[in-house]
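Asks: Curious how this folds, go ahead:
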Amino acid sequence: MVAILQPLFPEIRPMKLEDLERVVEVESAAYPFPWAIGIFRDCMRAGYNCWVLSRPNEIVGYGILSVAAGEAHVLNVCVRPGEQGNGHGRRLMRRLIDLARWHRAERVFLEVRPSNGPAIALYDQLGFNEIGRRPNYYPAVRGREDAIVMALELLPDVGED
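Replies: Numbering: from 1, shown residues only. Below is the predicted model:
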């Protein structure tokens, strides 16, 4: 009998500096206008919540959340293109939302390209609502693309005063 090896279910853990080259590989594979490695390094130095989904020697995806003044902002969430559609983005977003709650944020904001239908559908399913637009926010192949601004109101924990 031949054993069929299943790919390991990725673990979710804090991002480390030694992850950055692989994180940038995922970013570059997923986006035509990727963040540079220095932006990720700056996010870590600033103390943002930076998390990865990883398998041995592989980064499957990552998420970055900033929290200040009772508000959280999802700065970047990305899953390696070949791994998309397997629930990894949902898992990362749930971790970021949980972190926002842990930091006692009252709401979570994010921006998304109108052309990114799968991401918009995920954010809708997670309870985010469109609250506005940022004109010409993203670089695009032909000029600029607007951003849809979405927000999720976080309910206080039961039992809080």
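Asks: next SSE after whichever strand or helix holds L122?
Replies: According to DSSP states H and E, L122 maps onto helix 117-125. Using DSSP H and E, the helix or strand that directly follows helix 117-125 along the chain is strand 129-140.
Asks: Show the subsequent helix or strand relative to that following strand.
Replies: Counting by DSSP H and E, the next helix or strand C-terminal to strand 129-140 is strand 143-153.
Asks: so what's L99 up against?
Replies: 49, 51, 65, 67, 72 (CB atoms under 8 Å, 6 or more residues apart in numbering). For every residue, glycine as well, the C-beta is placed using N, CA and C.
Asks: Just give me the neighbour total for I37.
Replies: Counted with other CB atoms under 10 Å, residues neighbouring I37 total 13.
Asks: Next one, pLDDT for the closest residue to it other than its chain neighbours please.
Replies: Of all residues not flanking I37 in the chain, V24 sits nearest, at 4.9 Å (CB to CB, 6 or more residues apart in numbering). Looking at V24, its pLDDT reads 97.
Asks: check contacts around V24.
Replies: 34-37, 40.
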